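Novice: using only what follows, build the 3D model:
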Amino acid sequence: MTVVQAPVRSLPTLQRLGSTVDPNIDARAVAKAWFTSFVGAMTTKDVPRIVDLLFDDALWRDMLSLTWDFHTYEGRNTVTRFLTDQLPKFDPTAFKLREDLVHFQMPYEDIAWIQGFFTFETTVGFASG
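Specialist: Okay, here's the model as predicted:
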């Protein structure tokens, strides 16, 4: 029997990022600003700009939106290849931020994020992210 070692990953803690977060942050304002940049890059298919909005070791999970399958792409290089291949085929448009689903979360002293969801359309149907 072959034993497969699981990859070791580190969380983007505030200490690792050299950052702090105001617990009273305006999560919707931050999400709107990020989303505006994301939409601008996605609609022009500017893959370097899209990837610049992500952490170096980001995970991009595609669940039937830009492929006909469930895939996870890890890291800037892998995400770059995926988007370069798939964006022209599916031509995502009509992005809308679901502001009612934007929330700041800080479950631990050194872990914080803003979670949000959005909808969009592709050449083959409706999608969400």
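Novice: what is the burial count for Y73?
Specialist: The local packing of Y73 (other Cβ atoms under 10 Å) involves 19 other residues. In this view, the C-beta of every residue, glycine as well, is placed from N, C-alpha and C.
Novice: then L83?
Specialist: Residues within reach of L83, counting by other Cβ under 10 Å, total 22.
Novice: give the contact list for it.
Specialist: Taking Cβ atoms under 8 Å, 6 or more residues apart in numbering as the criterion, L83 is in contact with V47, I50, V51, W60, L66.
Novice: ok, T84 - contacts?
Specialist: T84 makes contacts with V47, as judged by Cβ under 8 Å, 6+ apart.
Novice: secondary structure element for it?
Specialist: Using DSSP states H and E, T84 maps to helix 76-90.
Novice: that helix - what's its average pLDDT?
Specialist: Helix 76-90 shows a mean pLDDT of 95.
Novice: report the buried residues of it.
Specialist: Under the neighbour-count criterion of 16 or more other Cβ atoms under 10 Å, helix 76-90 has R76, V79, T80, F82, L83, Q86, L87, F90 buried.
Novice: with distance to G18 added, can I get those in a markdown table?
Specialist: Formatted as a markdown table, the buried residues of helix 76-90 follow (distance: Cβ to Cβ, whole Å):
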| residue | distance to G18 |
| --- | --- |
| R76 | 19 |
| V79 | 23 |
| T80 | 25 |
| F82 | 28 |
| L83 | 27 |
| Q86 | 33 |
| L87 | 32 |
| F90 | 36 |
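Novice: buried ones among the contacts of L83?
Specialist: Applying a neighbour-count criterion of 16+ other Cβ under 10 Å, the buried members of the contacts of L83 are V47, I50, V51, W60, L66.
Novice: would you confirm that K89 contacts W68?
Specialist: No - with contacts counted by Cβ atoms under 8 Å, K89 stays clear of W68, the gap being 10.6 Å.
Novice: any idea how far D26 is from I114?
Specialist: As judged by Cβ to Cβ, to the nearest Å, I114 and D26 stand 10 Å apart.
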